[in-house]
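Q: Predicted model follows, preceded by the sequence.
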Amino acid sequence: MSKTTETVRKTLARRYRAEKRFRAYGIASVSIGLLAVVLLFSDIISKGTSGFFETYVQLEVTYDSELLGINDPTDQEQLMFADFSAVIKQSLRQRFPDVEGRTEKRALYSLISNGASYSLRDHIKDNPHLIGTTATMWLLADDDVDVYSKANIATRSETARLSESQQAWISSLEQSGDIDRRFNASLFTHGDSREPELAGLWGAAVGSFFTMLVTVALAFPIGVAAAVYLEEFAPKNKITDFIEVNINNLAAVPSIIFGLLGLAVFIGFFGMPRSVPLVGGIVLTLMTLPTIIISARASIKSVPPSIREAALGLGASKMQVVLHHVLPLALPGMLTGAILGMAQALGETAPLLMIGMVAFIVDVPGGPVSPATVLPVQIYLWADSPETSFVALTSAAIMVLLGFLITMNTFAVILRKRLERRW
Amino acid sequence: MNLKATFVGMAPALALAVAVTSAPAVAASRSNVSIVGSSTVYPFATVVAERFGRSTGGATPKIESTGSGGGMKLFCAGVGTQHPDITNASRRMKKGEFESCQENGVKDITEVMLGYDGIVIANSTKAPQLALTRKDLFLALAKDVPNPDGSETLVANPYKTWKDVNPTLPATKIEVLGPPPTSGTRDAFNELAIEGGCKTFGWLKDMKSVDKNKYKAICRGVREDGHYIEAGENDNLIVQKLEGNPNALGVFGFSFLDQNRGKVQGSTVGGVVPTFDSIADGSYPVSRSLFFYVKNAHVGVIPGIEGYVKEFTSEKAWGDEGYLADKGLIPAPKKMRDEVAAQAKSLTPMTGKELH
């Protein structure tokens, strides 16, 4: 046996052990990462699932024209000012005829959300012939009732915000099957509200859409043009080196700085309005530009020089080489970079704080210059609201935002897999 | 080649870039009321805005929560549609802020006192309710406290448990979660609770007239050795942490206590439990007035300002049984409400003399 073999044999066991340990470190790191993800998701999902459902109460509603103050149901103005809450109060009194006294009655009326009268109004608007008739309707319950009815039956009376008589009324409704949980459609159709049972994400989603529209429209063309120029046309000298260093630095600048810039330049100097998607989109453009430029340059670089040379050899001009050959081949990589940049911009709140997009806005925005907020900001605002129901809504909103982000990232991956060319 | 299409696609983007430079035209009109200011008033202002928007069917006012100071800065920046119309404040406007408003052309400002807010010192319902005094709070939380031997000197706060501060309190570690110094709640807590306790020492109270700065530093300075924990502006987070740690106390606005009944309970201060009534009649000592300020020059230019103010000052909103009371606002006495509502209706401007 040679000396080398001897040494190898001696150290072999140790080297195997070292490798095992090395693998174990790797597995441990991966499991810590996975554990964090599982913890995050299980926390969000366990808190947020109930946010997708709302509690409804079934009542006999009589559309008494006298009580409503309507003599012509086709008159829009009469409908607008009709007192639908009086109708709801009357049906509650009929359901619980024993309730007496002002405080008790107030407590009874507070079981039903003040949004219920608006849905009755819309119902009558569509079916004016119902005036004067009686119908069984499912009415949206107040958020306190919602929390109470979703809570664990054994312990709920300890943490409830409801009085004992209110709890008794709910039990009676539950026993007769007049309480039901339904899908929370308002979450996807309404703007923000201070009543948790009426609050929705739609306003924020539309705001996010307009903001992203502005960002895509500005960031993608500017980013691609800059990358093409720097990669294909610019001479390699100190100035372009300086520009390159700066682009890389900009990618690492904290996003709040871009918000301050937006506040000073676009709102302060140009006098653009606060809280609008146009300004938000421009600020996020500045933030995502470096990401897009860097990824676009990388994908232009990956196009093999032989293609350029072949095109040049066949007599194509420099511009034809770029437009006809380099760009189409680099486009998948650029798009992936752009989508990842957009996903980053979609989840951003800090720069928007400075330009006033962190605001309570009820109306769904109609365009890039009407006041709006965005999805992550909506989450931030709900997380800060005192009502207990907003805890579930916050987690539900996080799930929706995560859904968007996962979709965008998956799309980027698929695009890359589909269109990628290997040389 | 379809790439030409891509370049054609860039044209609107370029047009947008051009539009950016001619943007002042965009700011020329605004159809919704713009409101900024205190995060304490925000929960109330938003409810009013929403009801106002829904009942009129018009544009709902937009409300930003910028903090009282930040709101004043934006409000006083000038007259014109790019500046806010109303600012909320969890304290009265300062003289300096009024002057800066005047300098920037914001001449006529209407002040509306909308009600009260109490600051509570709460703990988990799993722990016993504490009976505190402002003196206890000062001794437990101030940076420097009077020497325990009774001499008129100051020592760095030596107290570790509540029992050290006051023998009637339990022997649990002093651990108070509260807002950071940027918060209006913190300002009010320092001023009303800690300074209130500080004043119970005669020789410290006398210092106010001699050396005001030193007095402020002592009577409003909060210890930084880990017994007062800055828990961020999110009051919900404080409530959650209190649930997990029954030994800790938390400092936040009354509306959060009201919404989380069952999870947390308010400690008594000076023997008074923080309730609706005790804050309204002034017997609970840690309470403050809330305000909003209207820029008179914008009334009539931006639609909806008068309507919003009218809704806010109506009995169904800020009355004893109004919807703001359901959200935790503590209404002012009826007589005062009537006076303020009349002033708000006639848009009586402030003279600046009422401020200090």
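A: Thanks, I have the structure now. Numbers count the residues shown, from 1 in each chain, chains lettered A, B, ... in the order given.
Q: Output the biggest strand by length in chain A as CSV - backbone C-alpha positions only.
A: Counting by DSSP state E, the longest strand found in chain A is strand A:53-62. Only the C-alpha atoms of strand A:53-62 are listed here, as CSV (Å, rounded to 0.1, in the frame of the first residue of the first chain):
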residue,chain,number,x,y,z
PHE,A,53,-67.3,35.7,4.9
GLU,A,54,-69.8,38.0,6.4
THR,A,55,-72.7,37.4,8.7
TYR,A,56,-76.3,38.1,7.5
VAL,A,57,-79.5,38.2,9.5
GLN,A,58,-82.9,37.2,8.0
LEU,A,59,-85.8,39.5,8.7
GLU,A,60,-89.3,40.1,7.5
VAL,A,61,-89.1,43.5,5.8
THR,A,62,-92.2,45.5,4.9
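Q: now the helix or strand following that strand: mean pLDDT?
A: Where DSSP states H and E defines the elements, the next helix or strand beyond strand A:53-62 is helix A:65-68. The pLDDT scores in helix A:65-68 average 82.
Q: List the buried residues for helix A:65-68?
A: Buried residues in helix A:65-68, counted by 16 or more other C-beta atoms under 10 Å in any protein chain shown: A:L68. In short, each C-beta sits where N, CA and C put it, glycine included.
Q: Show me what whichever helix or strand comes after that helix is packed against.
A: Next in sequence after helix A:65-68, counting helices and strands by DSSP H and E, comes helix A:76-81. Packing partners of helix A:76-81 (3 or more C-beta pairs under 8 Å, 6 or more residues apart in numbering or on different chains; DSSP states H and E): helix A:116-126.
Q: Can I get the helix it packs on as PDB, trimmed to CA atoms?
A: C-alpha atoms of helix A:116-126 as PDB (Å, rounded to 0.1, in the frame of the first residue of the first chain):
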ATOM      1  CA  ALA A 116     -78.100  47.300   5.000                       C
ATOM      2  CA  SER A 117     -80.400  50.300   4.300                       C
ATOM      3  CA  TYR A 118     -78.300  51.100   1.200                       C
ATOM      4  CA  SER A 119     -78.700  47.600  -0.200                       C
ATOM      5  CA  LEU A 120     -82.500  47.800   0.400                       C
ATOM      6  CA  ARG A 121     -82.500  51.100  -1.500                       C
ATOM      7  CA  ASP A 122     -80.700  49.500  -4.400                       C
ATOM      8  CA  HIS A 123     -83.100  46.500  -4.300                       C
ATOM      9  CA  ILE A 124     -86.200  48.800  -4.500                       C
ATOM     10  CA  LYS A 125     -84.500  50.900  -7.200                       C
ATOM     11  CA  ASP A 126     -84.400  47.700  -9.300                       C
END
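Q: Sheet partners, orientation included, of the longest strand of chain A?
A: strand A:134-140 (antiparallel), strand A:179-183 (antiparallel) (DSSP bridges).
Q: helix/strand/coil for the closest residue to A:V374 other than its chain neighbours?
A: Once flanking residues are discounted, A:V374 sits nearest to A:S208: 4.4 Å by C-beta to C-beta, 6 or more residues apart in numbering or on different chains. Secondary structure, DSSP: H, G, I helix; E, B strand; the rest coil: A:S208 is helix.
Q: All the strands of the stretch 201-350 of chain A, residue numbers only.
A: Using DSSP state E, counting those that start in this stretch, the stretch 201-350 of chain A contains no strands.
Q: So which bits of it are right by chain B?
A: For the stretch 201-350 of chain A, the contact set with chain B under C-beta under 8 Å from any C-beta of the partner chain comprises A:214, A:217-218, A:220-222, A:225, A:266-267, A:270-275, A:278, A:282, A:323-324, A:327-328.
Q: ChimeraX command to pick out the buried ones of those?
A: Buried members of those, defined by 16+ other C-beta under 10 Å, are picked up in ChimeraX with:
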select /A:214,217,218,220,221,222,266,267,270,271,272,273,274,275,278,282,323,327,328
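Q: Return the subset of the residues of the stretch 201-350 of chain A next to chain B lying in helices.
A: Using DSSP state H, A:214, A:217-218, A:220-222, A:225, A:278, A:282, A:327-328 are the members of these that sit in helices.
Q: Report the two of those residues separated the most.
A: A:L278 and A:P328 (31.7 Å; C-beta to C-beta).
Q: Could you tell me how far B:M113 is located from chain A?
A: Going from B:M113 to chain A by C-beta to the nearest C-beta, to the nearest Å gives 22 Å.
Q: what ranges of chain B fall below the confidence cut-off?
A: Chain B contains residues with pLDDT under 70 at B:1-29, B:182, B:184, B:233, B:356.
Q: Can you name the residue of the stretch 201-350 of chain B nearest chain A?
A: Of all residues in the stretch 201-350 of chain B, the one sitting closest to chain A is B:G262 (3.7 Å; C-beta to the nearest C-beta).
Q: residues touching the nearest residue to that residue once chain neighbours are set aside, list them.
A: Spatial nearest neighbour of B:G262, chain neighbours left out: A:T159 (3.7 Å); criterion: C-beta to C-beta, 6+ apart. Contact analysis of A:T159 by C-beta atoms under 8 Å, 6 or more residues apart in numbering or on different chains lists A:151, B:262-263.
Q: Let's see if you can find the most crowded of those.
A: Most neighbours among these, by other C-beta atoms under 10 Å in any protein chain shown: B:K263, with 19 neighbours.
Q: Please look at that one and B:A127 and confirm they touch.
A: No - contact criterion C-beta atoms under 8 Å: B:K263 and B:A127 do not qualify, at 11.9 Å.
Q: Mind telling me what element B:I63 is part of?
A: Here B:I63 sits within strand B:62-64, counting by DSSP H and E.
Q: Partner strands of that strand and their direction?
A: strand A:359-360 (antiparallel), strand B:34-37 (parallel).
Q: Compare the ones you listed and give me the one nearest B:M336.
A: Here strand B:34-37 is closest among the strands paired with strand B:62-64 (C-beta to C-beta), at 21.2 Å.
Q: follow-up on the earlier one: next, the angle from the longest strand of chain A to helix A:116-126.
A: Inter-element angle recorded for strand A:53-62 and helix A:116-126: 60 degrees (by axes from the mean of the first three to the mean of the last three C-alpha atoms, to 10 degrees).
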